[in-house]
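Visitor: let me see the structure of the following:
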Amino acid sequence: MLVGNFGRFMRSRRETAGVTLQSLAKHVGYSTAYLSEIERGRRNPPSAAVCIKMAQYLETPQEDFLEQAALERQYVHLSLTDDRPRAVEAALMLARRWASLTKAQLNAIRKILEE
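Guide: Now for the predicted structure:
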């Protein structure tokens, strides 16, 4: 679910979970004021590690938090700790060629990934 504003997304998930800003701040190790700034769109989304902590605490899929943060920042964090060398190689090839891929190529890649 892509909302387009990480702060709104974060607040929505926090309120749905019935968690106070203070409680979430304590859990992730940030100040309440800092998280409030994120929720109001005045700060960038936190790191991937903090997004994962938030997701776990709010019982929300971590992929949702990571996707929202990536959408806001317009970049994707990809961990290459996969023990399959071909998977790492494919990820690196995609990253190198990303800017030059045509719409048709992107659609073909998406179709493969949706299988």
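Visitor: buried stuff in stretch 96-109?
Guide: Judged by neighbour count (16 or more other Cβ atoms under 10 Å), stretch 96-109 contains no buried residues. From N, CA and C alone the C-beta is placed, and that goes for glycine too.
Visitor: kindly state the pLDDT recorded for Gln68?
Guide: Note for Gln68: predicted pLDDT of 91.
Visitor: chain center to the host helix or strand of it: distance?
Guide: In this structure, Gln68 sits in helix 62-73 according to DSSP states H and E. Distance of helix 62-73 from the chain centroid (Cα atoms, centre = their mean, to the nearest Å) equals 2 Å.
Visitor: what's the burial count for Ala69?
Guide: 23 (other Cβ atoms under 10 Å).
Visitor: for the residue nearest the centre of the chain, which non-adjacent residue is closest in space?
Guide: Centroid check for the chain by Cα atoms, centre = their mean gives Leu66 as the closest residue, at 1.4 Å. In space, Leu66 comes closest to Cys51 once its chain neighbours are excluded; the distance is 5.5 Å by Cβ to Cβ, 6 or more residues apart in numbering.
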